[in-house]
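Trainee: Fold the stuff below for me.
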Amino acid sequence: MPMRKLRVPRGWVVFFISIITFAAANSAAQNTNSAQPQASTSRNNEFNIVDFGARADGKTLNTSAINAAVLAAAKVGGGTITFPAGRYRTGTFRLVSNITLQLQAGAVLEGSKELSDYGDITDYGLGRVYGTNSSGEGTKVGIVFAHNVENVSIIGPGIIDGSGDSFFDPSTPHFSMDFDPSVTRQGQRSLDAVHMTADGPIAAKPSGRPGTMIVCFDCKNVVIRDVTFRNAPNWTAHFQNVERAVISGLHVLNNPLIPNNDGFDCFGCKDVHFSDCDIHTGDDDFAIVNSVDVTVADCTLSSRSSGIRLEASQFNMFENLTIHSNRGIAVYERGFGKTDHISFANIRIETQLFTGHWWGKGEPIYIAVGKPQNGAGSGEISNLTFSNVSGDAESSIVLYGHPDAWLHNIILDNVHFTLRATRKDVSDLVGGNFDFRWTATDLKNAVFKRDIPGIYARYIDGLHIQNSSIAWGKPAANFFSSGVELEDFKNLDVSEFRGSNAPGAKAATFLLRNGTGVVIRDSTASVGTDVFVDAQRISGKRLLMNNDFANAATALKDDAVQFTQRGNYIGGNTRPVRRDSDPR
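Mentor: Next comes the predicted model:
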């Protein structure tokens, strides 16, 4: 009997063909995965670090696994290397172009506690020339190293932990003899403060420490976002010759006792922008050197050294910041470069004195110039504006040029500070000194005894103080002195200033020596003023106009008597003039 043709509905034919095709494709994929295990690690150029053998146990050294993932991504032109939740211990590894490190929530990339797991600086092309080829202290590099690459990113919300505490001895002070104690207010007692460890800095163990945690040399298009860097054993992050970078939402949480654990250092950079960061360190929060078009905005900073350290840079802007530190804003010139067109706006600063070998003596704003080293024009600082800057401080606003490199055009606009002591025992040990380490020419002018006015300026041409004030809080130190003191200056222009000398100090609201050109107008002597203007050896234009002397015991002293006066108010209890020979 002939066989009848089996009629299969067309829909079932399509269904069976689909099943067969899927099975064949799945079988081929399984065979491919068996032959090449790394193929499953990439999906849209995403590389899971676990698929390269990394173990998130906080014990296994994962440097090789990370290097393998970076190499795999590089072979396909770049990609994202993902760290899922867990602790991944590592030594030094390199980043290449077009790579993103994605640290997911709960992920911790933890630096090894073994110094041998980190590379030597010579193997990474680094040296020991500050500002040129060095990074941090010591002879090692840190965790992440990128050189001559572009389009690299480190993205959170995970953590990179430098294991810094493992490399330091909290019982041993870190110090060097970079000043002469005999010229300090405390004499040899100043060494007692240097050897204290309660405020840091503490010494590294004899075996040493790793280098800068994150290094980018000669890179372009760098992004760091929403990540936490913590417990750095050295500088936290260092950009050298980087162009076009954005750093936002960065959290830096370092041990405040560790020296040299700067938050972020930029050397020779251009178009680098920081925002929405909080940075807590022992050493400087930001160090910006020889850089152009750098902006810092909407950040909170704390440090045992400087909140902002700036040197040889131009066209930088800092705004909307809070700073809790030893020295608030520090601008240096050692005589090699030039600093010009810098603005600081909307900043709140709180400073205090610390024991230990930290640079700084509680200055909220500090500018210092060393001897010019590169001929005419080198070492100059000019066109700096401080606008809407206020807070509490434990020492002077210091504006100190050099006889061969004067400061030019410094503006204090709406700047208000109250000077007070915070810890009497610390004030007695370290206070009442000027600190010019880094720009000083010898040990005797590095740290030396000096009474502390609210604002001190020397070797300056063009100081403009407007709508500003100096007040004195409690407790006051016995070395606090005048409200504003200038020596060796040209062109002082003051308007709408309010202030006095420190309580009990036989000083003045304005103490002026060796200057040319003074205009003080629309200003007020605060209650407790001994003398409003005490001037000696002042020439050129000298004008006092529309000032209120009513709260001053004496309005004018010495050369100030010869100033042109218009519309000033003298109260019934104010003596108009006094000379040194007059009884008080």
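Trainee: can you pull out the helices in the stretch 351-500 of the chain?
Mentor: All helices of the stretch 351-500 of the chain, identified by DSSP state H, counting those that start in this stretch, fall at 424-430.
Trainee: For it, give me the ranges with low pLDDT.
Mentor: Along the stretch 351-500 of the chain, segments meeting pLDDT under 70 are nowhere present.
Trainee: Look at Ala73 and give its secondary structure.
Mentor: Under the three-state scheme (DSSP: H, G, I helix; E, B strand; the rest coil), the conformation of Ala73 reads as helix.
Trainee: wait, Phe510
Mentor: Reducing the assignment to helix, strand or coil with three-state DSSP, the entry for Phe510 is strand.
Trainee: State the pLDDT value of it.
Mentor: Model confidence at Phe510, given as pLDDT, is 98.
Trainee: count of neighbours near it?
Mentor: Using other C-beta atoms under 10 Å, the number of residues around Phe510 comes to 30. C-beta coordinates here come from the backbone N, C-alpha and C atoms, glycine included.
Trainee: my guess is it contacts Ile520, does it?
Mentor: Yes: under the contact definition of C-beta atoms under 8 Å, Phe510 touches Ile520, with a separation of 6.6 Å.
Trainee: intersection of neighbour lists for these two?
Mentor: Here Phe510 and Ile520 share the contacting residues 494, 533, scored by C-beta atoms under 8 Å, 6 or more residues apart in numbering.
Trainee: quick one: low-confidence parts of this protein?
Mentor: 1-43, 578-584.
Trainee: residue closest to the middle of it?
Mentor: The residue lying closest to the centre of the chain (C-alpha atoms, centre = their mean) is Phe286, at 2.2 Å.
Trainee: give me every residue that touches that one.
Mentor: For Phe286, the set of contacting residues under the criterion of C-beta under 8 Å, 6+ apart consists of 262-266, 274, 279, 296, 301, 307-309.
Trainee: Include secondary structure when you put the residues you listed into a markdown table, please.
Mentor: Supplementary listing: the contacts of Phe286 in a markdown table, determined by three-state DSSP:
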| residue | secondary structure |
| --- | --- |
| Asp262 | coil |
| Gly263 | coil |
| Phe264 | strand |
| Asp265 | strand |
| Cys266 | strand |
| Phe274 | strand |
| Ile279 | strand |
| Val296 | strand |
| Leu301 | strand |
| Gly307 | strand |
| Ile308 | strand |
| Arg309 | strand |
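Trainee: So which of the residues you listed is the closest to Asn254?
Mentor: Gly263 (7.3 Å; C-beta to C-beta).
Trainee: Ile279 is in contact with that closest one, correct?
Mentor: Yes: using C-beta under 8 Å, Gly263 is in contact with Ile279, at 3.8 Å.
Trainee: what about the residue nearest to the centre of the chain, distance to Ser303?
Mentor: Taking C-beta to C-beta, to the nearest Å as the criterion, Phe286 is separated from Ser303 by 9 Å.
Trainee: Next: Ile411.
Mentor: Taking C-beta to C-beta as the measure, Ile411 falls 25 Å from Ser303.
Trainee: Which of those two has more residues huddled nearby?
Mentor: Comparing Ile411 with Ser303 by neighbour count (other C-beta under 10 Å), the higher total belongs to Ser303, at 31 against 17.
Trainee: The residue lying closest to that one once chain neighbours are set aside and Gln240: what is the separation?
Mentor: In space, Ser303 comes closest to Ser325 once its chain neighbours are excluded; the distance is 4.2 Å by C-beta to C-beta, 6 or more residues apart in numbering. Ser325 sits at a distance of 24 Å from Gln240 (criterion: C-beta to C-beta).
Trainee: These two: which is more packed in?
Mentor: Neighbours per residue, other C-beta under 10 Å: of Ser325 and Gln240, the larger number sits with Ser325, 28 against 24.
Trainee: intersection of neighbour lists for Gly263 and Ile279?
Mentor: Shared contacts of Gly263 and Ile279, counting by C-beta under 8 Å, 6+ apart, come down to 252, 285-286, 301, 303.
Trainee: mind listing which of those residues are in strands?
Mentor: Using DSSP state E to define strands, the subset of these located there is 252, 286, 301.
Trainee: in terms of contact, does the first one touch Cys277 like I think?
Mentor: By that I understand Val252. Yes: between Val252 and Cys277 a contact is recorded at 7.3 Å, counting by C-beta under 8 Å.
Trainee: picking that back up, now list whatever residues contact both of Phe286 and Ser303.
Mentor: 263, 279.
Trainee: Touching, Glu110 and Ser163? I think so.
Mentor: Yes: under the criterion of C-beta under 8 Å, Glu110 is in contact with Ser163, at a separation of 6.2 Å.
Trainee: Now list whatever residues contact both of the two.
Mentor: Residues touching both Glu110 and Ser163 by C-beta under 8 Å, 6+ apart: none at all.
Trainee: State the phi and psi torsions of the closest residue to Leu95 other than its chain neighbours.
Mentor: On the basis of C-beta to C-beta, 6+ apart, the spatially nearest residue to Leu95 that is not a chain neighbour turns out to be Ala146, at 4.1 Å. The main-chain torsion angles of Ala146 are listed as degrees, to the nearest 10 and equal phi -130, psi 130.
Trainee: Quick check: bridge partners of Ala146?
Mentor: Leu95, Cys216 (DSSP bridges).
Trainee: what residues are up against it?
Mentor: Contacts for Ala146 were tallied using C-beta under 8 Å, 6+ apart; they are 94-96, 152, 215-217, 219, 222.
Trainee: packing partners for the host helix or strand of Ala345?
Mentor: Using DSSP states H and E, the element containing Ala345 is strand 338-351. For strand 338-351, the elements it packs on are strand 306-311, strand 314-325, strand 327-333, strand 380-393, judged by 3 or more C-beta pairs under 8 Å, 6 or more residues apart in numbering; DSSP states H and E.
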